[in-house]
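> take a look and give me a structure for this.
(2 chains)
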Amino acid sequence: MSATSASRWSIALAPLLAVACSDPPASAPVVPDAGVAQPPPTVTYSPPAPVLRRLTQSQYVNAIHDLLGDDLLVTRPIEPDVELGGSISVGAAGTSISPRGVEQYEALAYDLAEQLLRNEARRARVVSCAPAATADATCAETFVRATGRRLWRRPLADAEVTALVTLAGNAATTLGDFHRGLEYALSAMLQSPNFLFRAELAEPAAGAEPARFGPYSLAARLSFFLWNAPPDDALLAAAADGRLATDDGVRAEVERLAASPRLARGLRAFVTEWLGLQHLDAVSKDPTVFASFSSDVPAAAREETLSLAEHLALTRDADFRDLLTTRETFVNRRLASIYNVRAPSQTRPDGFGLVTMPDDSPRRGLLGHVSILALAAHPTSTSPTLRGKFIREALLCNEIPMPPVNVNTALPEPAAGLRTMRERLSQHQANPSCRGCHVLLDPIGLALEHFNGMGAWRPTDQGAAIDASGAIDGAGYRDALGLGQTLHDTPAFPRCVTTRLYRFAYGRHETEGEEGEVGRLAQDFAYGGYRLRRLMSQIATSAAFRRADGRSE
Amino acid sequence: MKARIHRRTLLKGLLGGAAISIGLPPLECFVNANGTAYAGGGTSFPKRFGVFFWGNGVLPARWDPTSEGADYALTPQLMPLAALKSDLTVISASRVLTTNSSPHLSGPAGLFTGDALVGGTVTRPSIDQLLAQEIGGETRFRSLEIGVQRSDQSYSFAGPNQVNPPETSPRAFFNRLFGEGFRMPGETTAVDPRVRLRRSVLDAVGAQAGDLRNRLGASDRVRLDQHLEGIRGLERQIARLEENPPSLAACRRPDAPPEAFPDVDGRPPMSAISHAMADLMAMALACDQTRVFFNMYSQSVNNTLFPGAPAGHHQLTHDEPGEQPMVDAIVRLIMGDLAYFLSALKAVHEGDGNLLAHSIVLCTTDCSLGKSHSIDDYPMLIAGGGGGALATGRHIAARGDNSSKVMLSLLRAMGVRAPEFGVGAGRTTDGLAGLSP
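Predicted coordinates:
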């Protein structure tokens, strides 16, 4: 139930196409221009108070791999991510850790400490000194200070170091081995809220200036946003020597982070929660209806969508709206057979390769991906309602109210005169208590009726021809390709991408006092030619992202 | 269970505290001559509380009994529970009076917490967690949350947004319960020095959080405190490894269940998973590893493909026309799995009674008729009498009474001196008439 936001009921469905689409000027700068170099935002900005964020599952794994070594295996289960308002990032800022989660983090901490410290080659990465005695406090302190600074993303206070060194010493004495002792100090660091939570703390403000995040808090904000991972040593160094206190210093670090291959992880984490791709893990289809939906399809489908987003946003630095219209996509052999295209001749090691759909293909862009077509469907059939809801909520950021209680929701069975899904769904349009919302959902979803419940092409529905035409907020289309083009052209789509990226970066839904900032970012997104890499940099370098003032709840 | 026999103390007395290894038999002999309680103090067998929850409601026309009292006739959807009729109380026609704003979610939130959803989440702990606060401190696990459908969602809430995710892998649940750290009654106390070191680590982790805590806002402090409470709970759990295990005669270490329960014909083997979980939970309770559980059989709005069903469960509740025979078959299948679960508890002998008789299991769902999401006529079964604290073997027609009255009766039957339950429209100061003997 936590995934649902019952209180956020207001439906804001301004006409999507009322605002003319403004093309970006041809001279829009190609290199991401840090926001601080531009005139300061003229909008008033009044954010809520900073929040404590729990590491998500993927952030935990990335932290272990980046800080302790990517050959460590995180094979034990950890606390599941929680979504609030459809966002893992917002969920991570609203939840705590359950008692079972505490047990899981403990078991995993010892497991990782053993993997790291009982293997000499790996141990050498983190232990630079040779112990002079079983309980060598000096050597233990060297380890604790260096490793603790990475894991806790800040230098440790002396009292913290003393406590951890004492733990290591007691354990070493008890077990008769220096390095076994370090395992207990490392386990303590990995179980600490200083590791498992990201505390974003303000520095005292000077005079009338708004409070800002301290340098280490800002470093973590930047790296978790752009890399979905903790700061590396260079970023911690920039925090330590004061560079993150200056506009130029922030810009330089953001440029460095954005140039790293790790940026792809941040992008993928964003796209995953934006489109709900994590739910593919739980998708099941009836094999008697969808025989080709084998158990490897959901993961492949997710990889296709993530690869395409990465290709457009990072590799090509292209107009991100092309996600809805491009003929390019990434497939492996499994997806190629579902899409009825030739498997790519050149593939990555994971078997995926770039393909270009033929001109006459009915499949272009995201709305033709198995990932979202299978997610927004039932186990045995399509669901125009769920597909319409996906488009409204994920692509246009409309809020759709809960269905009413105490209404008869049964659909008629297929029968003479009621063969196709469109005909059966006409029930929704006839009943006044359903119509209000379903008129917003079903007609859009019906545009995708040529794709069955797992996303494969079908020419007919129950033997009857499919009518995929429709209109969205006054703009008509003939079929799925037309719907994709219409969504591509509406300003609501890039505005929605901006909003969702803002929530991902900030770990909260934007409040009224932040709408001006979101609007400014959306304008810049358009001005820069809808390049997502630039939008990420704009958020990271913005003055707002550094502000730590705000009303506490 | 304050009268637990501490055999370590006893052995220390006998052998001067030397570390010894000796196998002791299960202590049936410590039960008093009447077979109703532990010897040496006269306290009763521990009372347990649990919830069995399934998603998507029932078909009231095939669920609600039409006759009241002890001689009521079982209805088609209750028929799978026929062998347990004397252990059950059926409560029909109680109403969740808090706002029904969110289909499938408002019902359980109102039922388990007595308050409406706010901001999409509960405002207060669910009844199982209220009881865990009261009676969870004496056992290794304060409470245990399991599920059958693979999901991280549950209605077991420690507070707003603080869900207790269910364990849905029988093997993982077995490892947590009976893997490292579990000892049979009679096995010697752990002397592994690493146990003490683990405690000192947790102690240090908790002690170091103070600086962070002082710099957080009020709501974040609540979240950090919950993590720290979990750390202290794990410390207590580890401390129990250094004590003697509880000495309940029926405790057995069960066989490990299979690593995986693969889909059959593209459908999850819900019954097989449920049975494995039931057997494990029965032994978790028999071995007094916990006294509070929440079994999330399936989620609200779950679209599980059940065997033979032509569509997912939730889709069928809305789209199947007529009297919904396929939905009916699914509800009866779930009741069959519930019967297995309750029978597994009943099969554990405790003194001259059984584990189910010493327990209270609230069995319920998220609405009455799934098709309309109604939370009037809320379906509830109360299994087990809580050691004689509740009447069983009857049907109570609650005639629109506040469902919170049931919750308050259950809390009181568990020994909690609760003056009230729920807030606003959900609040009550009275239990449900007829539920006490």
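> low-confidence ranges in chain B?
Across chain B, the stretches falling below the confidence threshold (pLDDT under 70) are B:1-43, B:189-190.
> how about a cut-off of 80?
Under the criterion pLDDT under 80, the flagged ranges of chain B are B:1-44, B:180-181, B:185-191, B:241-242, B:244-247, B:437.
> can you give me the helices in it?
With DSSP state H, the ranges of helices along chain B come out as B:7-15, B:60-63, B:106-113, B:127-135, B:170-178, B:193-207, B:210-214, B:218-239, B:270-286, B:313-319, B:325-346, B:403-413.
> as CSV, those helices with distance to chain A would be great.
(Each C-beta comes from the backbone N, C-alpha and C, glycine too.) Output for those, formatted as CSV (distance: least, CB to the nearest CB, whole Å):
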stretch, distance to chain A
helix B:7-15, 21
helix B:60-63, 13
helix B:106-113, 7
helix B:127-135, 9
helix B:170-178, 7
helix B:193-207, 5
helix B:210-214, 6
helix B:218-239, 4
helix B:270-286, 12
helix B:313-319, 4
helix B:325-346, 11
helix B:403-413, 16
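> out of these, nearest to A:G368?
Put simply, out of those the one that sits nearest A:G368 is helix B:313-319, at 24.0 Å, with distance taken as CB to CB.
> that closest one packs against which elements?
In this structure, helix B:313-319 packs against helix B:325-346, with contacts taken as 3 or more CB pairs under 8 Å, 6 or more residues apart in numbering or on different chains; DSSP states H and E.
> for the nearest residue to A:C139 once chain neighbours are set aside, give me its contacts.
If the residues on either side of it in the chain are set aside, A:C139 comes closest to A:C129, at 4.1 Å by CB to CB, 6 or more residues apart in numbering or on different chains. For A:C129, the contacting residues are A:D136, A:T138, A:C139, A:T142, A:F143, taking CB atoms under 8 Å, 6 or more residues apart in numbering or on different chains as the criterion.
> export only the CA atoms of the helix or strand hosting the last one, formatted as PDB.
Under DSSP states H and E, the secondary-structure element containing A:F143 is helix A:137-151. The C-alpha coordinates for helix A:137-151 follow below in PDB (Å, rounded to 0.1, in the frame of the first residue of the first chain):
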ATOM      1  CA  ALA A 137      46.100  -0.200  17.400                       C
ATOM      2  CA  THR A 138      48.200   2.000  15.100                       C
ATOM      3  CA  CYS A 139      47.700  -0.200  12.100                       C
ATOM      4  CA  ALA A 140      44.000  -0.700  12.900                       C
ATOM      5  CA  GLU A 141      43.600   3.100  13.200                       C
ATOM      6  CA  THR A 142      45.100   3.600   9.700                       C
ATOM      7  CA  PHE A 143      42.600   1.100   8.300                       C
ATOM      8  CA  VAL A 144      39.600   2.500  10.200                       C
ATOM      9  CA  ARG A 145      40.300   6.100   9.200                       C
ATOM     10  CA  ALA A 146      40.800   5.400   5.500                       C
ATOM     11  CA  THR A 147      38.000   2.900   5.000                       C
ATOM     12  CA  GLY A 148      35.600   4.700   7.300                       C
ATOM     13  CA  ARG A 149      36.100   7.900   5.400                       C
ATOM     14  CA  ARG A 150      35.000   6.200   2.200                       C
ATOM     15  CA  LEU A 151      32.100   4.200   3.700                       C
END
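> my guess is B:L224 meets B:A209, correct?
Yes - under the criterion of CB atoms under 8 Å, B:L224 is in contact with B:A209, at a separation of 6.6 Å.
> give me the common contacts of the two.
Jointly contacting B:L224 and B:A209 under the rule CB under 8 Å, 6+ apart are A:P193.
> up against chain B, what does the stretch 201-350 of chain A have?
If contact is defined as CB under 8 Å from any CB of the partner chain, the residues of the stretch 201-350 of chain A in contact with chain B are A:L201, A:A282, A:S284, A:K285, A:D286, A:P287, A:T288.
> cutoff 6 Å now
Residues of the stretch 201-350 of chain A that fall close to chain B, judged by CB under 6 Å from any CB of the partner chain: A:L201, A:D286, A:P287.
> and for the second one, nearest residue in space, chain neighbours not counted?
Same thing as A:D286. Here the nearest residue to A:D286 in space, its sequence neighbours aside, is A:T380; by CB to CB, 6+ apart that works out to 4.6 Å.
> re earlier: of all the residues of the stretch 201-350 of chain A next to chain B, which comes closest to A:R419?
Scanning these for proximity to A:R419, where the rule is CB to CB, the winner is A:D286, at 20.3 Å.
> so how many other residues sit close to that closest one?
Neighbour count of A:D286, defined by other CB atoms under 10 Å in any protein chain shown: 22.
> before we move on, what about the one 5 residues further on?
A:A291 has 11 neighbouring residues, counting by other CB under 10 Å.
> of all the residues of the stretch 201-350 of chain A next to chain B, which comes closest to chain B?
Of all those, the one with the least separation from chain B (CB to the nearest CB) is A:P287, at 3.6 Å.
> I'd like the distance between the closest one and A:F293.
7 Å (CB to CB, to the nearest Å).
> now the helix holding A:F143: buried residues?
Residues of helix A:137-151 classed as buried under the neighbour-count rule (16 or more other CB atoms under 10 Å in any protein chain shown) are A:137, A:139-145, A:147-151.
> now for that helix, which elements pack on it?
Identification of packing neighbours for helix A:137-151 by 3 or more CB pairs under 6 Å, 6 or more residues apart in numbering or on different chains; DSSP states H and E yields helix A:158-175, helix A:178-191.
> tell me which of the ones you listed sits most buried.
By mean neighbour count, with neighbours taken as mean count of other CB atoms under 10 Å in any protein chain shown, helix A:178-191 ranks first of those at a mean of 26.
> that one - what's its average pLDDT?
For helix A:178-191, the mean per-residue pLDDT is 98.
> surely the residue nearest to A:D286 is in contact with A:F290?
No - between A:T380 and A:F290 there is no contact under CB atoms under 6 Å: 8.0 Å.
> out of the two, which sits in the busier spot?
For A:T380 versus A:F290, the count of surrounding residues by other CB under 10 Å is larger for A:F290: 23 against 20.
> where does the more buried one fall, phi/psi-wise?
Backbone dihedrals for A:F290, given as degrees, to the nearest 10, come out at phi -120, psi 80.
> surely it is in contact with A:G455?
No - contact criterion CB under 6 Å: A:F290 and A:G455 do not qualify, at 9.3 Å.
> among the residues of the stretch 201-350 of chain A next to chain B, which lie within strands?
Assignment to strands by DSSP state E places none of these there.
> what does the stretch 301-437 of chain B put close to chain A?
By CB under 6 Å from any CB, the residues of the stretch 301-437 of chain B that approach chain A are B:L305, B:A311, B:G312, B:Q315, B:H318, B:D319, B:P321, B:K371, B:S372, B:H373, B:S374.
> can you rerun that using 10 Å?
Along the stretch 301-437 of chain B, the residues adjacent to chain A under the rule CB under 10 Å from any CB of the partner chain are B:301-305, B:309-322, B:324, B:366-367, B:369-376.
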